[in-house]
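1. sequence first, then the predicted structure, then my questions.
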Amino acid sequence: MRYVRRGVRPRSSLPLPLRPPLRLRLRLTLRSTLRLTLRSTLRLPVRAALRARIGDEKGSTLPLTIFYGMLGLVLVLLVVAATSLYLERKRLFTLADGAALVGAEAFELDAVSVSGAQLRPTLDSAAVRAAVDGYLEENPVGDFEGLGVRAASTIDGKSATVTLTAFWRPPMVSLFVPAGFPIEVTAVARSVFR
């Protein structure tokens with residue numbers, strides 16, 4: 001039977017008769033204590049040298065915070081620039097689509113041919129170009145920088161193809177986003193009688 005004082009944990013889980021004699025236990029304890037003392041005294045100069053070389057651990061999260069803050073700022077700038085480019089391209093495509101619709105309706109009634117039961121208009125490239133230029137002059141086109149008509153013509157005589165160009169600039173210029181570049185969109189429209 002083991003006697004255990006209340007609140008004190010026994011040193012060994014072995015029953016009392018199987019424990020090593022006290023003299024051997026003291027010798028083992030002294031050896032392990034001596035080893036631990038030697039190890040810690042040998043490690044102390046190494047730790048001091050590392051701390052002197054690296055510095056104290058206080059403030060070690062500050063560089064991480066600065067790094068992740070800058071990374072977050074760069075990501076926000078890239079997303080804002082990509083969104084601006086996407087919206088500018090969509091606005092330019094909407095304008096090109098309207099110009100292509102006007103160009104597809106740039107025919108005279110004399111140029112409509114009858115084939116079977118369908119009426120087909122025949123387009124002329126000069127008429128398409130004149131209609132597109134007139135559309136862009138008369139209607140508000142927004143604040144596009146360097147807006148120009150690269151091509152406004154008909155390839156097959158049935159559909160009008162309009163290509164518009166403009167220059168895009170990001171809302172915030174930074175090292176990670178270019179200062180701007182030209183964008184180009186093409187729209188095709190066809191008039192159909194029903």
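-> Nice, I can see it.
2. just the helices in this structure please.
-> Listed in chain order, the helices of the chain (DSSP state H) span 22-54, 61-104, 125-138.
3. going by mean pLDDT, which of the ones you listed comes out lowest?
-> Of all those, the minimum mean pLDDT falls on helix 22-54 (a mean of 56).
4. give the buried residues for stretch 72-84.
-> Within stretch 72-84, the residues scored as buried using 16 or more other CB atoms under 10 Å are Leu77, Ala81, Ser84. In short, each C-beta sits where N, CA and C put it, glycine included.
5. run through who's touching that stretch.
-> Applying CB atoms under 8 Å, 6 or more residues apart in numbering, the contact partners of stretch 72-84 are Trp168, Pro170, Pro171, Met172, Ser174, Phe176, Val177.
6. counting neighbours, what do you get for the third one?
-> The one in question is Pro171. Burial measure for Pro171: 11 neighbouring residues, criterion other CB atoms under 10 Å.
7. for it, what are its contacts?
-> Val80, Ala81, Ser84.
8. and it, how far from Leu85?
-> For Pro171, the distance to Leu85 equals 10 Å [CB to CB, to the nearest Å].
9. now list whatever residues contact both of these two.
-> Common neighbours of Pro171 and Leu85 (criterion: CB under 8 Å, 6+ apart): none identified.
10. among the contacts of stretch 72-84, name the buried ones.
-> Buried subset of the contacts of stretch 72-84 (neighbour count, 16+ other CB under 10 Å): Trp168, Pro170, Val177.
11. the nearest residue to Ser113 once chain neighbours are set aside and Thr165, how far apart?
-> Of all residues not flanking Ser113 in the chain, Arg120 sits nearest, at 5.3 Å (CB to CB, 6 or more residues apart in numbering). Look at Arg120 and Thr165: by CB to CB, they are 31 Å apart.
12. distance to Arg91 for the contacts of Pro171 - can I get that in TSV?
-> Below are the contacts of Pro171 laid out as TSV (distance: CB to CB, whole Å):
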residue	distance to Arg91
Val80	16
Ala81	16
Ser84	11
